[in-house]
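> turn this into a model:
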Amino acid sequence: MNKKSKLFFLVLLSTSFQTFSQPENDLLNKADSLFTAQKFTQSFELFDSIYRYKKASPAMLLKMAYIKEGLSDYTLAQYYLNEYYLATNNELALTKMEKLAKEKKLTGYETNDLNFIRSLYYKHFQWLVIGVFSIALTLFVFFIIQLKKFNKIPPVTSFFMLAILIGLFLLINFGKDYNEALIIKNNTFVMAGPSAGADVLDVILKGNKVEINREQDVWLQIEWQGETGYVKNNNVKRLTVW
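Next up, the predicted model:
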């Protein structure tokens, strides 16, 4: 790993904080000690055990990305950087991912306004739900007041309250799904249909990021190079929102 990469991770680590329960803190302290001692393989194993329980902090995700880049595993380095970005919206991480993608000729990491808006949406999803719920509650109060005052159902308030409730239902049940993943196996076949006997549209190298449309048995329908294709789900690692 070059000096610029090390400096990048040090800058981001200085602005990342984390809180854990006592048992997790003990495990994290041990992992951090190994990381400081440059025993990166051992420290990553401990970080990963915390990560599996959805307990990762931004600082820990950065260390995991640092380790993987140092081991030349650029696919997982991109994965943990992307996880960090989704957790923080730190544009430095976005710049780093784009730089790595250009060096390794990977696609799916292009910086644009849509990707930034999407990351904000997922990061602040819980506050969006609270806001929509507050609007629904306010409309319900108005509904009750108008019902008592005029002794009939207020049509306008009823319409907007129903619309907000439907929106809240859709938001809670379907709004948090994050539909991007990284290809983690080289020479992953993109098939024209969800079958091993379908035509091969392309062969993808690991590290590329793809958008998932839906899941069908062991197949994922993805968008790739302007076409809709299918890859086996064991060839990808889904990105998550913390």
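> just the strands in the protein please.
Using DSSP state E, the strands of the chain run over 180-183, 188-191, 200-204, 209-216, 219-224, 227-232, 236-238.
> could you identify which of these is most buried?
Ranked by mean neighbour count under mean count of other C-beta atoms under 10 Å, the strands of the chain are led by strand 180-183, which reaches a mean of 22. In short, each C-beta sits where N, CA and C put it, glycine included.
> neighbouring contacts of that one?
For strand 180-183, contacts defined as C-beta atoms under 8 Å, 6 or more residues apart in numbering pick out 75, 78-79, 82, 108, 204-212, 220, 222, 231, 235-239.
> using PDB, write down the CA coordinates of that strand.
Listed next in PDB are the C-alpha coordinates belonging to strand 180-183 (Å, rounded to 0.1, in the frame of the first residue of the first chain):
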ATOM      1  CA  GLU A 180     -26.400  -3.100  -5.000                       C
ATOM      2  CA  ALA A 181     -23.800  -5.800  -4.700                       C
ATOM      3  CA  LEU A 182     -20.200  -6.500  -5.600                       C
ATOM      4  CA  ILE A 183     -19.100  -9.400  -7.800                       C
END
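> could you list the low-confidence segments of this structure?
Applying pLDDT under 70 to the chain flags the ranges 3-4, 7, 11, 13-24, 111-116, 119, 176-178, 241-242.
> and the lengthiest helix in the chain, what's buried?
Longest helix of the chain, by residue count under DSSP state H: helix 125-150. The neighbour-count check on helix 125-150 (16 or more other C-beta atoms under 10 Å) flags F125, V132, I135, A136, L139, F143, Q146 as buried.
> do the same with stretch 84-98
Of the residues in stretch 84-98, Y84, Y85, L86, A87, T88, N90, A93, L94, K96, M97 count as buried by neighbour count, 16+ other C-beta under 10 Å.
> likewise for stretch 35-50?
F35, F40, S43, F44, L46, F47, I50.
> let me see the domain layout of the protein.
For the chain, automatic domain parsing gives the domain ranges 3-110, 124-174, 180-238.
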